[in-house]
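Student: Can you look at this prediction? I've put the sequence above it.
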Amino acid sequence: MGNLQTVIHGEALFSTDIDPDRQITGFLWCQVREGTIHYKPTWARFIRIRDKKEFAADIGQDNKAYLHFGKSKAEASGKYRCEVKVPDNSIITGNMFAYSHPVVKNNESWPLKKSDEPFTVTGSAVYASPETTARIPCPIIGYPEPNVIWFKNDFPLEIEGRVSFDKTSGVLSIEKVEEADAGIYRCEGTNQFPVLIDGPEQEFIVKLKQELKIGDNYGWMLPLAIILITLILLFIIIFTCQRCAKYKADQYNVAERERALHNDQVPLKNSV
């Protein structure tokens, strides 16, 4: 027996590697009981079914095995198996679940920001050269596994022909892109689960918007080159003006010294 489920509330719309304000998730617990007898575990562990990762259980004074999630990310969600070994060396198992609403998984090198639109995240523009394959990421995670659908310019996108979506990598691919493929792409991930045990299922959603631009991502270089050339020309002009001013000042000082020497009747060097 156990509490069967918990809900991970640690993240809002997208994943963050460092978030000191992440909410604390509850825990899963399991226990072996026969009638009124509660068996004290010899040892206990939890195994996440998705990746077979093992977690040592905390054995409480109440003979329950606990898995504490703490400030967990959505990646910790999934189906778990509790395994408890009792004094007669038999191992009793049971399944339980850690639910999470859909979240866009990202890292610090992929900046995302919350949109003014409800449940929407915006990402950086994606660039693709003509006749190449454009790849638009949509790494939405959660448990149960979210169902992902795509839109282009707010119209449903048909996944066929040149357009394909790999659910494993979370990437939309468009082969041999052309100008007509440019636009605003949006993927939406939804899932459903009961927030309370035996309660009604609720639906959750997250949306990720990105713009696909056709052409090389070098448009920013022209303004930068113009600025650099302007700065170089300005430096040359200032340097030249300073040199000219110094030359004129030196010539003026030589003439002044010569006049001063003649006026004071001081013989010039090498004069007869």
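Tutor: Thanks, I have it. Since the structure is predicted, the reported quantities are computational estimates derived from the model, not experimental observations.
Student: what comes into contact with stretch 175-183?
Tutor: 128-134, 152-153, 162-164, 174, 211-214 (C-beta atoms under 8 Å, 6 or more residues apart in numbering). Quick note: C-beta positions are derived from backbone N, CA and C, even for glycine.
Student: Can you list phi and psi of the residue sitting nearest the centre point of the chain for me?
Tutor: In the chain, the residue lying closest to the centroid (C-alpha atoms, centre = their mean) is Asn106, at 2.4 Å. Main-chain torsions, Asn106, degrees, to the nearest 10: phi -140, psi 180.
Student: ranges for the strands of the stretch 151-272 of the chain?
Tutor: 155-156, 163-166, 171-174, 183-194, 201-214 (DSSP state E, counting those that start in this stretch).
Student: and Trp110, which of the ones you listed is closest to it?
Tutor: strand 201-214 (10.7 Å; C-beta to C-beta).
Student: buried ones in that closest one?
Tutor: Phe204, Ile205, Val206, Lys207, Leu208, Lys209, Gln210, Leu212, Lys213, Ile214 (16 or more other C-beta atoms under 10 Å).
Student: Buried only: go through the contacts of stretch 175-183 for me.
Tutor: Ala128, Ala134, Lys152, Val163, Ile174, Leu212, Lys213, Ile214.
Student: farthest pair in those?
Tutor: It's Val163 and Lys213 that sit farthest apart of the buried ones among the contacts of stretch 175-183, by C-beta to C-beta, at 17.0 Å.
Student: hmm, back to that, now distance to Tyr143 too, for the strands of the stretch 151-272 of the chain, in CSV please.
Tutor: Shown next, in CSV, are these (distance: least, C-beta to C-beta, whole Å):
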stretch, distance to Tyr143
strand 155-156, 26
strand 163-166, 20
strand 171-174, 21
strand 183-194, 7
strand 201-214, 11
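Student: Quick check: which of the ones you listed is nearest to Ala57?
Tutor: strand 183-194 (23.5 Å).
Student: Using PDB, list the CA coordinates for that closest one.
Tutor: The C-alpha coordinates for strand 183-194 follow below in PDB (Å, rounded to 0.1, in the frame of the first residue of the first chain):
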ATOM      1  CA  GLY A 183       6.600  32.100 -40.500                       C
ATOM      2  CA  ILE A 184       5.700  31.700 -36.800                       C
ATOM      3  CA  TYR A 185       5.600  28.100 -35.700                       C
ATOM      4  CA  ARG A 186       4.000  27.000 -32.400                       C
ATOM      5  CA  CYS A 187       4.000  23.600 -30.800                       C
ATOM      6  CA  GLU A 188       1.500  22.800 -28.000                       C
ATOM      7  CA  GLY A 189       1.900  20.000 -25.500                       C
ATOM      8  CA  THR A 190      -1.000  18.800 -23.400                       C
ATOM      9  CA  ASN A 191      -1.600  16.100 -20.800                       C
ATOM     10  CA  GLN A 192      -4.200  15.100 -18.200                       C
ATOM     11  CA  PHE A 193      -4.000  13.700 -14.700                       C
ATOM     12  CA  PRO A 194      -5.900  13.900 -11.400                       C
END
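Student: Can you list the buried residues in that strand?
Tutor: Quick answer for strand 183-194 (16+ other C-beta under 10 Å): Gly183, Tyr185, Arg186, Cys187, Glu188, Gly189, Thr190, Asn191, Phe193.
Student: so which of those comes closest to Ile47?
Tutor: Phe193 (20.5 Å).
Student: mind checking how far that closest one is from Arg22?
Tutor: According to C-beta to C-beta, to the nearest Å, Phe193 and Arg22 sit 20 Å apart.
Student: counting contacts, what elements does the strand or helix carrying Thr6 pack onto?
Tutor: Assessed by DSSP states H and E, Thr6 sits inside strand 5-8. For strand 5-8, the elements it packs on are strand 25-30, strand 91-104, judged by 3 or more C-beta pairs under 8 Å, 6 or more residues apart in numbering; DSSP states H and E.
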